[in-house]
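**Q** Give the three-dimensional model of this entry:
(2 chains)
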Amino acid sequence: MAYKKPSQKFSGKIREVTVGSGLKLGGESVLPFYKFDGDTGAKPAVGMEIWDVFPESWPQSLKDIFGPYADDPVKWAKFCVEKYNPDFICIKFEGANPEGDDRSPEDCARIAERLAGEVPVPLVIAGCDSDEKNAKVFTKVAEALPDKNYVFLSAIEANYKEIGAACGMAYGNIVSAESSVDLNLAKQLNILITQLGVKPEKMVMNPGCAAVGYGFEYVVTTMDRIKLAALDQNDSTLQMPIISPVSFETWKAKEAIATEEDMPEWGGQEERGIAMEVSTAAGVLAAGSNAVILRHPKSVEVIRKFIDELL
Amino acid sequence: MARFITIGERIHVISPVIRKALQERDPKPIIERAREQVEAGANYLDVNIGPADRDGEELMPWVVKLLQQEFPNTPLCLDTANTKALEAGIKVYDRKAGKPIINSADAGSRIGMIDLAAEYDAMVIGLCAKEGIPRDNDERIQYCTEILDRAMAAGLDPENILFDPLFVVVKGMQDKQQEVLEALRQITEMGFKTTGGLSNVSNGCPKELRGLIEATFCAMAIQCGLTSAIVNPLNKMLMDIIKTADVIKGRNLYCDSYLEL
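**A** You can find the predicted model right below:
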């Protein structure tokens, strides 16, 4: 009997969400990279992270690359776009942290406006460690940039009402629903945000991210189960594309920040940092992430190649 | 695993309001009944026009078009013994929301409905009965097999059949309840989908007990494998139990708001 290639068909499909004016996320009706089974949707997007302040805490190797441009976010973003061609720029308002520079929401909005005006790729707006401050910053930024379809990273259980109402509803941008590696809460938060009135096509989700070796198995199994519920059970509350802020996690890990003097047996610090970022990004992409945020240009290059060769 | 399917039973010629509306081609009462069921979460709507010997061929397409126009996302279950009326209904049926279900074939005089389902690529309820209520489960499984044979001959994928072991009334046939549940288990073990009319179970009981009896029977039947049922969707307890059973069965991912969906 002739061999008949099996293929797995699902009744569900990840919703296609447009970021900015033309960057599409999601749309797949098969497991990640299973192009032999059907439509893999839009290619996973690769974005680069920049800060609103000089990234003093970043490892020297990154400061060597971005340092000359990092005194101004617009200059920094343009350098990234021109040199490394990312699909989007993620501006993280680290300077808004009340325990740091405490930059005002109005100031943040002005920076975001300049970026929007001068950077040709879509923006992802990320906040600092204060959920309360983020709600204020996001509201102002969304107000300054209405109907841009920019992604706001993220709304969590504590501030989703404010962020959902401002970013998702009043000012026509995209809300990312963030939960910390909790399958049931991921679903619940999506429901709460849609019940608020945010349209599902104006939503993405970040069901939690971690660096490899730091509870990463939980991240992967959570993402797997979300994708299976979305596809196999056709669960419309989980059919949002997933965005993973990989760099936020991997560049905090000791493998990325320990210097060669401190850990001579671990080898070169820059290579370690890239390896952490690349393996984490490859892992979340294989588990269903539709967009990853990265820092190191080498990681961007490797992950882009990884995606291109698999699709 | 797919979620439990509910088929709303409230558009039925036995109701005087619906009978009159069907006779007079009055859309309003029919749409009202459809709306309350859709809003209560019915996945399918059963449309029972009775035998409709006189005008079934004209009546069924009318009601199909009426409902699909108003509720394009809700597939229908066409319920009549009148083959010509069924055919006419299926011909105008829009499949966007899902295949129509024919209600129903049996192993007796209505076995031809299997051929009809095959011809029109419809789903069909296969009543495991021939004349009256089956005597025991040997008979039920025998009829189930006869329906399957007919489906094989007609080229109908058994995926398209919902086997109905024939739920029976608790008040009077109390000793048969476990047998029906056991039949569900056997049909499920054969790998087939099942359904049944829950109101059969509570028929003749006081109104305040009917909802409870139907909900309890349904929960027990789901554990035996029941994959769909013909229900009164306005019975909130029943609908909540079905949703909860889907969660416990792992057919729907739990979240705190699962009842609100």
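**Q** what's the single longest strand in the chain?
**A** Answering for chain A, as no chain was given. strand A:45-51 (DSSP state E).
**Q** The intended chain is chain B.
**A** Ordering each strand of chain B by length in residues (DSSP E) puts strand B:5-12 first.
**Q** Would you list the phi and psi of the residue lying closest to residue A:58 once chain neighbours are set aside?
**A** Nearest non-adjacent residue to residue A:58, counting by Cβ to Cβ, 6 or more residues apart in numbering or on different chains: residue A:251, 6.9 Å away. In short, each C-beta sits where N, CA and C put it, glycine included. Dihedral angles of residue A:251 (phi, psi; degrees, to the nearest 10) stand at phi -80, psi 10.
**Q** How far off centre is the longest strand of chain B?
**A** Strand B:5-12 has its C-alpha centroid displaced from the chain centroid by 7 Å (Cα atoms, centre = their mean, to the nearest Å).
**Q** Kindly report the same for stretch B:226-243.
**A** 12 Å.
**Q** Tell me which stretches of chain B form helices.
**A** B:16-24, B:27-39, B:56-70, B:83-92, B:112-120, B:137-154, B:177-189, B:198-202, B:207-223, B:236-248 (DSSP state H).
**Q** how about those, which one is nearest chain A?
**A** helix B:236-248 (9.2 Å; Cβ to the nearest Cβ).
**Q** Tell me the residues on the stretch 101-250 of chain B that lie near chain A, please.
**A** With the criterion set to Cβ under 8 Å from any Cβ of the partner chain, the stretch 101-250 of chain B never comes near chain A.
**Q** rewinding a little: pLDDT score for the residue nearest to residue A:58?
**A** Residue A:251 is assigned 97 on the pLDDT scale.
**Q** Now for it: which residues touch it?
**A** A:58, A:59, A:62, A:257, A:273, A:276, A:277, A:295 (Cβ atoms under 8 Å, 6 or more residues apart in numbering or on different chains).
**Q** One more: residue A:120?
**A** Residue A:120 is in contact with residue A:81, counting by Cβ under 8 Å, 6+ apart.
**Q** and if we set it to 10 Å?
**A** Counting by Cβ atoms under 10 Å, 6 or more residues apart in numbering or on different chains, residue A:120 touches A:20, A:77, A:78, A:81, A:82, A:89.
**Q** circling back to that earlier point, so what are the sheet partners of the longest strand of chain B and their directions?
**A** Here strand B:5-12 has these sheet partners by DSSP bridges: strand B:44-48 (parallel), strand B:228-231 (parallel).
**Q** Tell me what angle it forms with helix B:207-223.
**A** For strand B:5-12 against helix B:207-223, the angle by axes from the mean of the first three to the mean of the last three Cα atoms, to 10 degrees is 150 degrees.
**Q** buried set for strand B:5-12?
**A** B:5, B:6, B:7, B:8, B:9, B:10, B:11, B:12 (16 or more other Cβ atoms under 10 Å in any protein chain shown).
**Q** quick revisit: would a markdown table of the contacts of residue A:120 with neighbour count and secondary structure be doable?
**A** What follows is those, written out as a markdown table (neighbours: other Cβ atoms under 10 Å in any protein chain shown; DSSP: H, G, I helix; E, B strand; the rest coil):
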| residue | neighbour count | secondary structure |
| --- | --- | --- |
| A:20 | 20 | coil |
| A:77 | 24 | helix |
| A:78 | 17 | helix |
| A:81 | 17 | helix |
| A:82 | 9 | helix |
| A:89 | 24 | strand |
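**Q** Which single one of the residues you listed is nearest to chain B?
**A** residue A:20 (30.4 Å).
**Q** if I look at the nearest residue to the closest one once chain neighbours are set aside, how far off is residue A:91?
**A** Nearest in space to residue A:20, with sequence neighbours left out and distances taken as Cβ to Cβ, 6+ apart, is residue A:122 at 2.6 Å. Residue A:122 sits 11 Å away from residue A:91 when distances are taken as Cβ to Cβ, to the nearest Å.
**Q** same check, this time on residue A:237
**A** For residue A:237, the distance to residue A:91 - Cβ to Cβ - is 29 Å.
**Q** if you count what's nearby, which of the two comes out ahead?
**A** In terms of neighbours (other Cβ atoms under 10 Å in any protein chain shown), residue A:91 is the more surrounded of residue A:237 and residue A:91; the figures are 27 against 22.
**Q** Enumerate the positions of the longest strand of chain A that are buried.
**A** Buried, per 16+ other Cβ under 10 Å, within strand A:45-51: A:45, A:46, A:47, A:48, A:49, A:50, A:51.
**Q** now swap in stretch A:112-131 and tell me
**A** Within stretch A:112-131, the residues that count as buried by 16+ other Cβ under 10 Å are A:112, A:115-116, A:119, A:121-128, A:130-131.
**Q** Measure how far that stretch is from the centre of its chain, please.
**A** On Cα atoms, centre = their mean, the centre of stretch A:112-131 falls 12 Å from that of its chain.
**Q** Quick check: mean pLDDT of that stretch?
**A** Rounded mean pLDDT across stretch A:112-131 is 97.
**Q** Repeat that for stretch B:119-128.
**A** 98.
**Q** Ok, stretch A:209-224 next?
**A** So the average pLDDT for stretch A:209-224 ends up being 97.
**Q** cool, and stretch B:158-176?
**A** 96.
**Q** And that stretch, what's buried?
**A** B:160, B:161, B:162, B:163, B:164, B:165, B:166, B:167, B:168, B:169, B:170, B:176.
**Q** Please identify which pair of the residues you listed lies farthest apart.
**A** B:160 and B:170 (30.4 Å; Cβ to Cβ).
**Q** Closest one to residue B:42 out of the buried residues of stretch B:158-176, please.
**A** Using Cβ to Cβ, the buried residues of stretch B:158-176 come closest to residue B:42 at residue B:162, 15.4 Å.
**Q** pLDDT at the closest residue to chain A within chain B, what is it?
**A** Relative to chain A, the nearest point of chain B is residue B:255 (3.9 Å; Cβ to the nearest Cβ). In this model, residue B:255 is scored at 96, pLDDT.
**Q** Any idea how many residues pack against it?
**A** Residues near residue B:255, counting by other Cβ under 10 Å: 22.
**Q** helix or strand for the residue of the stretch 201-311 of chain A found nearest chain B, which one?
**A** The stretch 201-311 of chain A approaches chain B most closely through residue A:229 (4.5 Å), counting by Cβ to the nearest Cβ. Here residue A:229 sits within helix A:216-231, counting by DSSP states H and E.
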